[in-house]
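S.K.: Quick one: sequence and predicted model below, then my questions.
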Amino acid sequence: MKPAFRPGKNIAMKVPAHEYDNTVAFYRDVLGFKPKSAGSPDAFESIAFEFGDKNLWIDRIAGLSQAEVWLEIETDDREAAADYLAGMGCTRRDEIEPLPEAFSGFWISNPANIIHLVVAQAKSDGRRR
């Protein structure tokens, strides 16, 4: 059976270190987007903005030559999703960025090499499975 997929709540913009401050200023000062007070467990500097019903994360990544956009997809069954996506020829990209040990998710890329974080759907208490 095919697992259910739906858009997640997060969009990540990975930005080269030399463009980070100007990019943050663009969303904060030029567009007037409201920063969120959400902490990130990541080792790199990042900020989140309200982006409609989504979170727009801007991450400062050293050594990156150009900006990338990464998307989050939620699924109702993480293991079934992993099996299904593998069977459909999707490339796992778990090496792309470490995830916390207890985090229920994994990385894939689409045919155009756009990174997607596939996560277990949030439980009613707001935590991921």
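M.R.: Structure received. Numbering: from 1, shown residues only.

S.K.: who's in contact with stretch 61-76?
M.R.: With contact meaning CB atoms under 8 Å, 6 or more residues apart in numbering, stretch 61-76 is reached by 3-17, 19, 23, 44, 81, 114-122. C-beta: built from backbone N, CA, C; applies to glycine.

S.K.: what about 6 Å?
M.R.: 3-6, 8, 10, 12-17, 44, 81, 115-119, 121 (CB atoms under 6 Å, 6 or more residues apart in numbering).

S.K.: model confidence over the helix ranked longest in the chain, on average?
M.R.: Criterion DSSP state H: the longest helix present in the chain is helix 78-87. Throughout helix 78-87, pLDDT has a mean value of 95.

S.K.: and it, which residues are buried?
M.R.: 78, 81-82, 84-85 (16 or more other CB atoms under 10 Å).

S.K.: Show the subsequent helix or strand relative to that helix.
M.R.: Downstream of helix 78-87, the first helix or strand assigned by DSSP states H and E is strand 91-92.
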